[in-house]
Each structure stands twice: as structure tokens, then as C-alpha cells.
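S.K.: Next comes the sequence, and after it the predicted model I'd like to discuss.
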Amino acid sequence: MKPRGRATHLPPDRYRWTILAYTLLIQAVSIGSIYYCFALFAVPWLDEFGRSRAEVMLAVTFMQIGTGLLSPLIGQAMDRFRMRNMVLLGIAMYVIGYTLLSQVTSFWQVYIVYALCFPLALGLTGNLAAQVLVTRWFTRDRGMALGISAMGTNLGGVVFPLLAAGAIGDGLWREAALTFAVVSLVLLLPATLIVLARRSPGESAGAVPQDATAVGAILRTRSFLVCAFGFLCLNLAFNAVQANLAALAGDLGFGDWAGGLIALTATTMVAGKLLFGILGDRLPHQVLYWIAGSTMMVGLVLLSGQPSGSAFVAGVAAVGLAGGGLLPIMALIIGARFALASFGRVMGLMMLTLAFGAAGPVVAGHLHDLTGSYHVAMLLFASLLVPAMVVMIWLPAPAPVLDAGAVGASDTVREGA
């Protein structure tokens, strides 16, 4: 049967770049509106529902927990079912979530939307979906493609808050929520139906692919265990700095710089995604991780103690650069060591592991309460990266065949020896 849809008439190389542009779009819309705009919605909710800041922040906590718990299930579903149907389900949950949000009358209803609807929407239209699509369509220039694709989150984080800030600030948050639902239908629905009309390489027609690796087997592979430890340590450090950046700047006398420092983090993250993506096509994957880990360590050391203004800015830039490289490097390592038929479930399990990185800000804040500064916290997270970089020595070599039939060959050979 011939694939249907206008996009399928494009030459193969051009179609790959169409897929890449599509992943930028879906991440920009879903993550840009749901994640980055939460802070805007939180302000009017404080007054309208009479809730404390901690109670309002629980909504985004529920969303992050839900996203982490659902990621392994979503990853398995993406390996089994057609990606177009998966993304369409995510769009439906996005539309339902924002439509319900526009109609809430009590704050517990906000919790329901952020705990149930938005985790599904993010999982099916966010980072995981984009990485699966890019990895399936790109073998040549995969690293660069993953880096470019990951920039969609930052693109959405700039565009959607700017577009919605005025309306939400004027108290029209319900109208803004409903507008987001309409925008999703107008932008994502037709794009998904057209661009994903053709099945991606290695995509199953409905049954579990014969070359898919079982979850239990994935969890026992050296590739997964090494990556889980390495990227958890990197994520703990990045989250600790990102969440506490304004408070850290205030403690050190740079409170007036907080807005600019947050913008600097976002900018250097974009640069990190592109840089490590491009380097990923040229350097061994262990070397990529060692560069990212070393950059993060340098940033953490610069932020410890009583740094000068220039050292503090350099430290923030280094942390952002390394944090931006996290997703592209992780996707490159997984994509080179597991079958395409297993990529979704492996990345889903890895996303669940990364969810524990949410402990970073809590640990950093607790250590600040105990010691009166973030100095110990910065050095603690820097020290955790030392064993993480050492463990990366045992990362198995990439599988020799990178297609739907390559079932984690390096793990099979090396760990079975």
C-alpha cells in the first residue's frame, strides 16, 4: 500500500528535514504553553482561588511526577503503535486539558488537569515523541538533527509566554487557556495528519515488533545502567542550579541580575543543544559526556563560594551549556545501542530515571538552610559528576548495524561475553 499525504511526495532527504521542522513545532507548542506558561497562570490563581504559593506549585509538581511515571508506558506505546495516532492522542489531551482549565471553578480541578491531561499531552507531543521521530528518520547527521530538534522547547519557551503574558496579566487567563486549545488544533492537527502520513522507518504496524527488546532486558543492559547513572547526576546538578538561580544570585549580591541570568541560561542551553548535537556526529559518545560533565563541574565550582560577578556569569553560562547537551547526548547514546524498535521504551525508561533529578533543587535548598549558603550544595553536585564520568568508561560501543534490526548489538556481545 502506498503512503498517503502530500508530505510523502517529497524526496527522502527533504522529507527528513520536514520531520525535523515538525518536531520543532510540536515541542514549541506543547512545552512552550504547558510548561513555560505555568508561571504566568500561577499569578492570577493565587488571588482568584485564595491558595498559597506552595499549593499552586503543587500543580506543576503533579505534572512532572505524572510525566515521569507515564514516560515508560508512552515509550512502549510508541514502539508498538503508529506515531501519528500517538501524537493525535496527545493533541486531544492538550485540547481537552486547556478546555477544562478554562472552565474550572475550584482549584482541585486545576490539579486534575495538570496531573492527568497535561502529562499525557507532554509525553505524546513533547521531547519523547520528537526524539523517537528524529532517531527513526536520521542515521546520517543524527546528532545535529537531535540538537536542532531539542531547540523547539526553548523556541516555545520564548514565543508562548510573550504572546500570553499580556492577556493573563489582565486577568484573561481563561481566555488564554481556550486560545491555546484552538492554537493546537489549528497548528498541530493538520501538520500531524500531513507530515506523519508516512510511517517512519522501523515503525510497527500495530503488533509488538519482533526485534523489540523487553523492558526487563533493557534494565539489565550495561548501556542503560551506565546512562541512567550518568545522566541522573548531570540532571540533578542542572536542576539544582536552575531552580535556585534567582535565590543564589540574591545571596551573592547579584539579585538585580536574576532576569538576565535566567535568559542567559536559556540562551546557552540552545547553544549547548546545537553544539553537542553537531559534535555527536564527530566524537565518541563517552567524550561527549565527559565534555558536558566537565563543563558542568566547572560551572558549579565557579558558582560556589563568593565568586566575582564575571565568574558568576561564566558559571551560569557553563551550567546552561552543559544542561543543553543532556537530551541530544542521551538520545545519541541510546539510538546507537538499541534497536529502533526499542528506542521509545528505552527513552521512556530513561525519562523516568531523569524525573528523580527533581530532587536536585530540594537537596540544594535544604543544604542552604543548614549551612546558610549554596557553597556545599554546588560542591556536592560537582563531586557526584566524578563517579558519573568514570562509570562512562564502561559504556559499550555502538551497535554495528543502526537500523530496525539492530537489537542493541553492543550490549548483547559485550555483556554476553
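M.R.: Yep, that arrived.
S.K.: how far is stretch 66-83 from where the chain is centred?
M.R.: 14 Å (C-alpha atoms, centre = their mean, to the nearest Å).
S.K.: Nearest the geometric middle of the protein, what residue?
M.R.: N127 (4.8 Å; C-alpha atoms, centre = their mean).
S.K.: State the distance from that residue to P284.
M.R.: Remark: distance between N127 and P284 (C-beta to C-beta, to the nearest Å) = 24 Å. Quick note: C-beta positions are derived from backbone N, CA and C, even for glycine.
S.K.: try A197
M.R.: According to C-beta to C-beta, A197 stands 37 Å off from P284.
S.K.: Looking at the two now, which is surrounded by more residues?
M.R.: More neighbours surround A197 than the other of A197 and P284, with 15 against 12 (other C-beta atoms under 10 Å).
S.K.: what's D251 in contact with, if anything?
M.R.: Residues counted as contacts of D251 (C-beta atoms under 8 Å, 6 or more residues apart in numbering) are S373, Y374.
S.K.: separation between Q109 and P119?
M.R.: 16 Å.
S.K.: Those two: which is more packed in?
M.R.: With neighbours defined as other C-beta under 10 Å, Q109 and P119 compare such that P119 has more, 25 against 14.
S.K.: now for the helix or strand harbouring the more buried one, which elements pack on it?
M.R.: Taking DSSP states H and E as the definition, one finds P119 inside helix 118-125. If you count contacts as 3 or more C-beta pairs under 8 Å, 6 or more residues apart in numbering; DSSP states H and E, helix 118-125 packs onto helix 12-34, helix 53-80, helix 83-101.
S.K.: Would you indicate which residues of the last one are buried?
M.R.: Residues of helix 83-101 classed as buried under the neighbour-count rule (16 or more other C-beta atoms under 10 Å) are 83-84, 86-101.
S.K.: now do stretch 32-45
M.R.: For stretch 32-45, by 16+ other C-beta under 10 Å, it's G32, S33, I34, Y35, Y36, C37, F38, L40, F41, A42, P44, W45.
S.K.: then it to PDB, C-alphas only?
M.R.: C-alpha atoms of stretch 32-45 as PDB (Å, rounded to 0.1, in the frame of the first residue of the first chain):
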ATOM      1  CA  GLY A  32       6.100  26.300  25.400                       C
ATOM      2  CA  SER A  33       2.500  26.600  26.500                       C
ATOM      3  CA  ILE A  34       2.100  24.000  29.200                       C
ATOM      4  CA  TYR A  35       5.500  24.200  31.000                       C
ATOM      5  CA  TYR A  36       6.800  27.700  30.400                       C
ATOM      6  CA  CYS A  37       3.400  29.500  30.700                       C
ATOM      7  CA  PHE A  38       2.600  27.900  34.100                       C
ATOM      8  CA  ALA A  39       4.300  30.700  36.000                       C
ATOM      9  CA  LEU A  40       2.000  33.200  34.200                       C
ATOM     10  CA  PHE A  41      -1.100  31.300  35.100                       C
ATOM     11  CA  ALA A  42       0.000  30.800  38.700                       C
ATOM     12  CA  VAL A  43      -0.200  34.600  39.500                       C
ATOM     13  CA  PRO A  44      -3.900  35.100  39.000                       C
ATOM     14  CA  TRP A  45      -4.700  31.700  40.600                       C
END
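S.K.: How about residues contacting it?
M.R.: 51, 53, 56-57, 59-60, 63, 94, 97-98, 107, 110, 118, 121-122, 153, 155-161, 164-165, 168-169, 171, 173, 176-177, 180, 183.
S.K.: Can you say which of those are buried?
M.R.: The buried subset of the contacts of stretch 32-45 (16+ other C-beta under 10 Å) comprises 51, 56, 59-60, 63, 94, 97-98, 107, 110, 118, 121-122, 153, 155-158, 160-161, 164, 168, 173, 176-177, 180, 183.
S.K.: Check which helices and strands the host helix or strand of L379 is in contact with.
M.R.: When elements are assigned from DSSP H and E, L379 belongs to helix 375-391. Packing contacts for helix 375-391, counted by 3+ C-beta pairs under 8 Å, 6+ apart, involve helix 222-251, helix 285-303, helix 359-371.
S.K.: Now tabulate these in CSV and tack on distance to A266 and mean pLDDT.
M.R.: Below are those laid out as CSV (distance: least, C-beta to C-beta, whole Å; pLDDT from 0 to 100):
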stretch, distance to A266, mean pLDDT
helix 222-251, 10, 88
helix 285-303, 15, 96
helix 359-371, 17, 85
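S.K.: So for F338, which of those helices sits nearest?
M.R.: helix 222-251 (7.1 Å; C-beta to C-beta).
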